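J.: Sequence plus the predicted model coming up.
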Amino acid sequence: MIASVEDGRVCLRGAVKNNQHLASLPSASWDKREMKWTYFASPIAAARLDRTLMKLVNTYTSDEPFQELLDDFERARQSVIWKQPPGIQAVKEMLDQGINPFFTTTVPWVHQVCADSFLYGKPAALLAMEMGTGKTLCAIQRILATRVMKTLVVAPLAVCEVWPEEWSEHTDGMPHELVTLDQNGSPKRAKKLHDTNIICTAQGRKLIIIVNYESFWREAIKKEILSTAFDMVIYDEIHKLKSPSGKASKFAARLVRQIPNRLGLSGTPLPNNPMDGFGVWRSIDPAMFGTVFTRYRSTYARMGGYQGKVVIGWRNQDRFKRIMDLGTFRVDIDVLDLPEATDTSRQLVLDDDSMVTYRQMEKEFVVGVSTGVVTASNALSRLVKLREITCGFIIDDDGDTTSIHHLRDALLADVLEEIGDEPVVVFCEFKEDVERIKEVCVVAEKRYGEVTGAAKDTVGGKFPPDTDILICNTRSGGLGLNLVAARFAIFYSVGFSLSDHLQARRRVHRGGQYKTVTYIHLVARGTVDEHVYKALRDKKEVIDDIMNAIKGGQYGI
């Protein structure tokens with residue numbers, strides 16, 4: 001048998017099609033024309049094939065590129081030293097001597113140098129660094145250290161505007177052309193990419209294109225990306241690619257064979273469960289877990305429930321972790337010497353009329369209001385309606401909004417008065433909440449800004465200096481923002497996503513925060529609010545926790 005590397009694939013000639021050992025390796029494909037097995041060209045793919053062949057035939061021949069992949073795999077295994085005390089101590093000693101190993105003007109933290117050392121020589125890897133630990137600086141260092149000419153940065157819309165600011169702060173004007181594709185409409189974005197690429201190529205200038213996840217897979221932009229010879233792609237908040245069937249995730253998988261260097265960044269690479277790992281790794285190194293989701297799921301999940309299609313548990317998690325560790329450098333918020341963060345709640349009590357409406361929806365799934373009828377079709381939609389009622393409004397079946405009370409607004413006004421002149425971030429879930437919070441700010445004579453789907457009143461992703469209150473939708477304000485100018489964060493309302501909630505918290509409690517952070521939760525007593533607050537406080541998935549409470553008779557639905 002002969003192992004080689006051809007056209008971005010590891011190839012094995014001289015084997016039969018029906019060999020189950022070769023067929024079971026991740027990213028395996030049988031080329032019936034040339035009668036060979038092929039796998040995505042990656043160090044782990046070469047190592048797996050080598051191990052399998054040694055069991056099958058004891059000896060085989062290989063070409064030099066295949067051997068280089070095996071050598072890369074051994075280096076990857078050895079790079080674990082940067083996660084351990086000896087490597088960390090070596091970095092500390094170097095930094096203590098005043099040596100900056102980065103090409104940036106910013107002197108990195110110890111864990112950032114360790115992360116960069118771990119990435120050295122790896123064409124594909126994942127930085128699982130929690131928010132505020134400086135993963136963007138590590139990505140900028142990779143661009144500079146690998147001396148790539150053309151880099152594609154894909155990020156959430158809210159994060160795209162942060163990249164130019166971070167680049168300017170850390171590089172002091174390196175001669176790169178940074179272009180954010182922020183024009184309205186895919187054709188205009190595609191044209192800007194096309195024109196900029198032609199100019200930079202002609203002038204020999206290094207180019208960095210920044211585009212959001214919602215746009216980069218659309219036809220016009222996709223065509224230009226495929227025709228541009230990018231050397232590196234960086235997926236900022238790569239968990240956005242977790243869905244195997246998502247269009248963004250599928251296009252990212254297509255780019256793997258075209259772009260040689262691929263780096264994923266995320267504080268929560270597996271925001272829900274191990275199933276999220278497939279889409280993430282398919283986008284940067286398909287050899288890690290393969291390209292067939294059903295095979296991945298059968299390997300790491302135990303299925304059951306209706307028609308055996310429901311994940312009821314996990315298996316092979318030690319194996320899963322070992323594979324993840326080969327290409328992942330993790331950094332927890334604990335590496336930072338952050339000030340203490342405390343949680344507290346302020347309670348409001350619904351008046352009698354509001355509680356009648358609440359109990360009726362809770363027990364009967366339907367309630368009549370002044371604008372019409374409100375119907376909850378299932379348990380989840382009922383929970384949403386109950387949350388609306390605790391926030392002081394409800395949306396009926398025709399989409400009209402009925403105001404029920406302003407108790408939460410009054411409580412917010414009291415809390416803001418207690419805080420005084422300090423800058424405050426107010427997180428909320430519903431668009432109706434945003435308007436109510438604005439009204440409170442107007443009455444209190446507070447200058448406010450907004451970070452929602454409709455507006456983003458920040459300066460380079462930071463708390464604006466001429467603002468007293470920054471109103472943030474939890475999802476819009478949970479990514480790409482640095483809000484350490486505030487030490488108070490009020491959760492006017494919260495959603496059911498634990499990952500969104502944690503992301504929002506870390507906008508305030510992150511690197512650069514030097515004051516004690518206080519999170520204040522507004523909670524309606526005797527309602528679903530209390531269960532949501534308790535689940536989030538205990539870092540549990542909200543929906544699962546509430547449904548389990550219902551089944552156990554601990555919640556009165």
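T.: Nice, I can see it.
J.: Return the longest helix in this structure, judged by number of residues.
T.: Longest helix of the chain, by residue count under DSSP state H: helix 186-203.
J.: Give me the buried positions along it.
T.: Buried residues in helix 186-203, counting neighbours by 16 or more other C-beta atoms under 10 Å, are found at Ser186, Arg189, Ala190, Lys191, Lys192, Leu193, His194, Thr196, Asn197, Cys200. In short, each C-beta sits where N, CA and C put it, glycine included.
J.: Please apply the same query to stretch 390-397.
T.: For stretch 390-397, by 16+ other C-beta under 10 Å, it's Thr390, Cys391, Gly392, Phe393, Ile394, Ile395, Asp396.
J.: Start and end of it, how far apart?
T.: 18 Å (C-alpha to C-alpha, to the nearest Å).
J.: about what we covered before: mind giving me the packing neighbours of the longest helix of the chain?
T.: strand 176-180, strand 206-212, helix 219-227 (3 or more C-beta pairs under 8 Å, 6 or more residues apart in numbering; DSSP states H and E).
J.: Assign Gly98 to helix, strand or coil.
T.: coil (DSSP: H, G, I helix; E, B strand; the rest coil).
J.: Return the distance of it relative to Val107.
T.: 9 Å (C-beta to C-beta, to the nearest Å).
J.: Between those two, tell me which one has more neighbours.
T.: Using other C-beta atoms under 10 Å as the criterion, Gly98 and Val107 rank with Val107 on top: 13 against 7.
J.: Quick check on that one: phi, psi?
T.: Torsion angles at Val107 (phi, psi; degrees, to the nearest 10) stand at phi -80, psi 120.
J.: picking that back up, and the buried residues of stretch 390-397, which is closest to Arg436?
T.: Within the buried residues of stretch 390-397, distances to Arg436 taken as C-beta to C-beta reach their minimum at Gly392, with 6.9 Å.
J.: residues in contact with the closest one?
T.: Gly392 is in contact with Ser354, Ser403, Ile404, His405, His406, Leu407, Arg408, Asp409, Arg436, counting by C-beta atoms under 8 Å, 6 or more residues apart in numbering.
J.: coming back round to it: which members of the buried residues of stretch 390-397 occur in helices, if any?
T.: Thr390, Cys391.
J.: can you give me how far the longest helix of the chain is from the chain middle?
T.: Relative to the chain's own centre, helix 186-203 is displaced by 28 Å; criterion: C-alpha atoms, centre = their mean, to the nearest Å.
J.: Can you pull out the low-pLDDT segments for the protein?
T.: 173, 371, 477-479, 543, 545-557 (pLDDT under 70).
J.: Centre-most residue in it?
T.: Glu237 (3.5 Å; C-alpha atoms, centre = their mean).
J.: right, and that residue touches Ala158 too?
T.: No - look at Glu237 against Ala158 with C-beta atoms under 8 Å: they stay out of range, at 9.3 Å.
J.: nearest residue to Phe365 other than its sequence neighbours?
T.: Ala376 (4.6 Å; C-beta to C-beta, 6 or more residues apart in numbering).
J.: And Thr106, by the same measure?
T.: His170 (4.5 Å).
J.: got the contact list for the helix or strand that contains the one you found?
T.: Using DSSP states H and E, the element containing His170 is helix 162-171. Helix 162-171 is contacted from outside by 104-106, 136-137, 140, 144, 153, 155, 174, 176, 178, 180, 208, 210, 236, 460-461, 480-482, using C-beta under 8 Å, 6+ apart.
J.: same deal with stretch 396-416?
T.: The contact list for stretch 396-416 (C-beta under 8 Å, 6+ apart) reads 346, 348-351, 353-354, 357, 369-375, 389-395, 424, 426, 432, 436-437, 439-440, 443-444, 446, 469, 490, 492-493, 520, 522, 524.
J.: one more time with 7 Å, if that's ok
T.: 346, 348, 350-351, 354, 357, 369-375, 389, 391-395, 424, 432, 436-437, 439-440, 443-444, 446, 490, 492, 520, 522 (C-beta atoms under 7 Å, 6 or more residues apart in numbering).
J.: Kindly report the same for stretch 470-479.
T.: Against stretch 470-479 from outside (C-beta under 7 Å, 6+ apart): 156, 158-159, 237, 425-429, 434, 437-438, 448-453, 463, 483, 494-495, 500-501, 503-504, 507.
J.: what comes up buried for stretch 284-303?
T.: Applying 16+ other C-beta under 10 Å to stretch 284-303 flags 284-293, 296-297, 300-301 as buried.
J.: Can I get the buried residues of helix 186-203 in a markdown table including distance to Leu126?
T.: Conversion of the buried residues of helix 186-203 to a markdown table gives the following (distance: C-beta to C-beta, whole Å):
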| residue | distance to Leu126 |
| --- | --- |
| Ser186 | 28 |
| Arg189 | 27 |
| Ala190 | 29 |
| Lys191 | 33 |
| Lys192 | 29 |
| Leu193 | 26 |
| His194 | 31 |
| Thr196 | 28 |
| Asn197 | 27 |
| Cys200 | 28 |
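J.: quick check, nearest of the residues you listed to Val57?
T.: Nearest to Val57 among those, with distances taken as C-beta to C-beta, is Asn197, at 47.4 Å.
J.: and the direction of the helix holding His170 versus that of strand 176-180, what angle?
T.: 160 degrees (axes from the mean of the first three to the mean of the last three C-alpha atoms, to 10 degrees).
J.: mind listing what's buried in helix 162-171?
T.: Buried residues in helix 162-171 (16+ other C-beta under 10 Å): Val162, Trp163, Pro164, Glu166, Trp167, His170, Thr171.
J.: Stretch 443-454 now?
T.: Lys446, Tyr448, Gly449, Glu450, Val451, Thr452.
J.: List the contacts of it.
T.: Under the contact criterion C-beta under 7 Å, 6+ apart, stretch 443-454 has outside partners 413, 416, 434, 438, 441, 457-458, 464, 466-473, 476-477, 481.
J.: Can you select the buried ones from these in ChimeraX?
T.: The ChimeraX command for the buried members of the contacts of stretch 443-454 (criterion: 16+ other C-beta under 10 Å) is given here:
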select :413,416,434,441,457,458,464,467,468,469,470,471,472,473,476,477,481
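J.: among the contacts of stretch 443-454, which are in helices?
T.: Using DSSP H, the contacts of stretch 443-454 in helices are Ala413, Leu416, Val434, Lys438, Cys441.
J.: how about the strands in the stretch 251-400 of the chain?
T.: Remark: strands assigned in the stretch 251-400 of the chain by DSSP state E, counting those that start in this stretch are 261-265, 301-304, 310-314, 328-331, 341-348, 366-369, 372-375, 393-395.
J.: okay, the buried residues of stretch 390-397 in a markdown table with distance to Ala28 next?
T.: As requested, these are arranged in a markdown table below (distance: C-beta to C-beta, whole Å):
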| residue | distance to Ala28 |
| --- | --- |
| Thr390 | 53 |
| Cys391 | 52 |
| Gly392 | 57 |
| Phe393 | 55 |
| Ile394 | 54 |
| Ile395 | 50 |
| Asp396 | 54 |
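J.: farthest-separated two in the buried residues of stretch 390-397?
T.: The most widely separated members of the buried residues of stretch 390-397, counting by C-beta to C-beta, are Thr390 and Asp396 (17.0 Å).
J.: about what we covered before: out of the buried residues of helix 186-203, the closest to Asp50 would be?
T.: Nearest member of the buried residues of helix 186-203 to Asp50, counting by C-beta to C-beta, is Asn197, at 39.3 Å.
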